[in-house]
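Student: Mind folding the following:
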Amino acid sequence: MSTRLGRATVLLLCLLPGPLRAEEEFHFDAAAFEKKSLEWGGYAELKGEHSDINQDGALSRLNLYREPRSTLDRLGATLQLDGSYTRGITSFNWRVQGSAAQDDLAWNDQAELFEGYASIKAAPSTTIELGKKTFKWGKGYAWNPVGFIARPKDPNEPEEAMEGFIGAGLDLIRSFAGPLRTMALTTVALPVWQGVNEDFGERDNVNLAAKLYFLFHDTDIDLLWYGGNSRTTRYGLDFSRNLTTNLEIHGELAHTPRQPVRTLMTDNSVTTHDVADTSWLVGLRYLSERELTTIVEYYHNGDGYNTEEIDRFFNLVADGSAQYETTGATTLLDKAASLSQLYSRPQPGRDSLYLRLSQKEPFDLLYFAPGLTAIMNLDDHSWSLSPEAVYTGFTNWELRLRFSLLNGAVFSEYGEKQNSNKLELRIRYFF
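Tutor: Numbers count the residues shown, from 1 in each chain. As a prediction, the model looks like this:
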């Protein structure tokens, strides 16, 4: 019995930590956790696409009437570099993206500075930012009605980086004890001059925008405002709250008292008239116990076109296509092309529904994540459906296979798109 007790004592001593085993000292390397002055990364991407053309669709007849085809193949490459350099109270931040693509029709390439700005921590509660930055205002996933000084998202790729605008910003933040826990004010001055933010609106103006943030009773709330002569004045409100650990609800409301809207009339003339635009969004995000993430959003676009107004554009394309086939003239197609940016943009109608499902490693398939994105135009009941599969089993690599199917009646948004479906393979290497 004593022998067994002795062996147990030796085993216990071997398992005990620190003070009883002085020969094994614990070391903490603080340097490993210090923020580095220079941090950088990015990704390199190769993407191949095969599209079946909707030859009866208005947009294929508008864009491909000189070279009609049944399919379109495209191969592209993208390089994105981002990072920051910190010295004292100042940090310099950047994001650059260059891309090139070749399809059956043409070659195109571009290089853009998405972000490049200096951030100065003037005080613990005060930050000044100067340069080109993306201001991600709003709580929506697929759309942001209150994104007054941001470019519109692509609902099919809402998490991709977007190009910002050049401006100067000031952030002030303060914490409290009580129901109101945090309050923050962000103000931005955004100039529009020759060569500076020219695609934002009318030139030779300095515009102002502000966001007042509250964390009140575990609810995130923003009050937003934009004023300036490059665009008309607008006001906004958004919120986000976790109802349970796995369920979040969010919403946005934007009001523009006077918004100029260009509309195609029945005689093919174009008029510009002012409307009072109120757009809003409500959505939820749910994470199940099996790690299925569900995002649902309903979006009302106050300055969108009704079905009758969109029908006029599709009729113009149909008339232009008939004119070209009969006489070779492109007068009507040229007019339609000048309006296509308005009528063929994503979600040109009034009401849309978004659904996103993504599952992490179903059936214990490691590094595998299937997903599904669906977008429906509730006005004409046309839709797009995009299942996908993502694999990350190789270090720093991501492979995504996605198929998009578009469907709708004649003169509906997705029924008149250029593609009837698209298959794409995207390979990314992160560094």
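Student: Endpoint to endpoint, stretch 404-417 covers what distance?
Tutor: End-to-end distance for stretch 404-417, by C-alpha to C-alpha, to the nearest Å: 12 Å.
Student: Now do the buried residues in it.
Tutor: By 16 or more other C-beta atoms under 10 Å, the buried positions in stretch 404-417 come out as 404, 405, 406, 407, 408, 411, 412, 413, 414, 415, 416, 417. Where C-beta positions appear, they are placed from N, C-alpha and C, glycine not excepted.
Student: ditto for stretch 211-221
Tutor: Neighbour-count burial for stretch 211-221 flags 211, 213, 214, 215, 216, 220, 221 (criterion: 16+ other C-beta under 10 Å).
Student: I'd assumed residue 179 was in contact with the fourth one.
Tutor: No - Residue 215 sits out of contact with residue 179 when judged by C-beta atoms under 8 Å, with a separation of 9.6 Å.
Student: can you confirm residue 213 is in a strand?
Tutor: Yes - counting by DSSP: H, G, I helix; E, B strand; the rest coil, residue 213 is part of a strand.
Student: check contacts around the closest residue to it other than its chain neighbours.
Tutor: Leaving aside its sequence neighbours, residue 213 sits nearest to residue 184 (C-beta to C-beta, 6 or more residues apart in numbering; 4.2 Å). Contact analysis of residue 184 by C-beta atoms under 8 Å, 6 or more residues apart in numbering lists 171, 172, 173, 174, 212, 213.
Student: can you list the residues that contact the helix or strand harbouring the third one?
Tutor: Right, residue 173. Secondary structure from DSSP states H and E places residue 173 in strand 165-175. Identification of contacts with strand 165-175 by C-beta under 8 Å, 6+ apart yields 125-135, 149-150, 181-191, 196-197, 200.
Student: Stretch 367-387 too?
Tutor: Contacts of stretch 367-387 (C-beta under 8 Å, 6+ apart): 142, 155-156, 306-307, 310, 347, 349-362, 388-393, 402-409, 411-415.
Student: switch to 6 Å and redo it
Tutor: Applying C-beta atoms under 6 Å, 6 or more residues apart in numbering, the contact partners of stretch 367-387 are 155, 307, 349-361, 388-393, 402-408, 412-415.
Student: Filter those down to the buried ones and express that as a ChimeraX selection.
Tutor: Command for ChimeraX, covering only those of these found buried under the criterion 16+ other C-beta under 10 Å:
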select :155,349,350,352,354,355,356,358,359,360,388,390,391,392,402,404,405,406,407,408,412,413,414,415
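Student: so where's the longest helix in this protein?
Tutor: helix 307-327 (DSSP state H).
Student: Tell me which of the contacts of stretch 367-387 fall in helices.
Tutor: Among the contacts of stretch 367-387, the members found in helices (DSSP H) are residue 307.
Student: coming back round to it: please identify which pair of the buried residues of stretch 211-221 lies farthest apart.
Tutor: Using C-beta to C-beta, those span at most 15.2 Å, a distance reached by 211 and 216.
Student: got any ranges where the stretch 1-150 of the chain has weak pLDDT?
Tutor: 1-34 (pLDDT under 70).
Student: let's see 80
Tutor: 1-35 (pLDDT under 80).
Student: cool, the stretch 201-350 of the chain as well?
Tutor: Applying pLDDT under 80 to the stretch 201-350 of the chain flags no residue at all.
Student: Residue 425: how many residues sit nearby?
Tutor: By the criterion of other C-beta atoms under 10 Å, residue 425 has 13 neighbours.
Student: what's the answer for residue 315, then?
Tutor: By the measure other C-beta under 10 Å, the count of residues near residue 315 is 17.
Student: any idea how far it lies from residue 143?
Tutor: 28 Å (C-beta to C-beta, to the nearest Å).
Student: for the stretch 201-350 of the chain, what spans make up the helices?
Tutor: Counting by DSSP state H, counting those that start in this stretch, the stretch 201-350 of the chain has these helices, from start to end: 307-327, 331-343.
Student: Sheet partners, orientation included, of the strand holding residue 173?
Tutor: Strand pairing for strand 165-175, using DSSP bridges, gives strand 126-133 (antiparallel), strand 180-192 (antiparallel).
Student: related to what we said a few turns ago, in CSV: the buried residues of stretch 404-417, plus pLDDT and distance to residue 430.
Tutor: Output for the buried residues of stretch 404-417, formatted as CSV (pLDDT from 0 to 100; distance: C-beta to C-beta, whole Å):
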residue, pLDDT, distance to residue 430
404, 98, 24
405, 98, 29
406, 98, 30
407, 97, 34
408, 96, 37
411, 94, 43
412, 95, 39
413, 95, 35
414, 96, 33
415, 96, 38
416, 96, 37
417, 96, 32
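Student: among these, which two are most distant?
Tutor: For those, and using C-beta to C-beta, no pair is farther apart than 404 and 411, which are 20.8 Å apart.
Student: So which residue is smack in the middle of the protein?
Tutor: residue 158 (2.9 Å; C-alpha atoms, centre = their mean).
Student: Return the distance of that one relative to residue 48.
Tutor: For residue 158 relative to residue 48 (C-beta to C-beta), the value is 22 Å.
Student: Tell me which residues touch residue 267, please.
Tutor: Going by C-beta under 6 Å, 6+ apart, residue 267 touches no other residue.
Student: hmm, back to that, which residue lies closest in space to the residue nearest to the centre of the chain, excluding its sequence neighbours?
Tutor: Once flanking residues are discounted, residue 158 sits nearest to residue 142: 5.2 Å by C-beta to C-beta, 6+ apart.
Student: The one you found in helix, strand or coil?
Tutor: Counting by three-state DSSP, the backbone at residue 142 sits in coil.
Student: what about it, neighbour count?
Tutor: Quick note: residue 142 (other C-beta under 10 Å) scores 25 neighbours.
Student: so who does it touch?
Tutor: 155, 158, 297, 354.
Student: buried sites along the helix or strand hosting residue 73?
Tutor: Assigned by DSSP H and E, residue 73 belongs to strand 71-87. Buried residues in strand 71-87, counted by 16+ other C-beta under 10 Å: 72, 74, 76, 78, 80, 81, 82, 84, 86.
Student: buried residues in stretch 53-69?
Tutor: Buried, per 16+ other C-beta under 10 Å, within stretch 53-69: 53, 54, 57, 58, 59, 60, 61, 62, 63, 64.
Student: Equivalent analysis for stretch 156-167, please.
Tutor: Going by neighbour count (16+ other C-beta under 10 Å), the buried part of stretch 156-167 is 158, 162, 164, 165, 166, 167.
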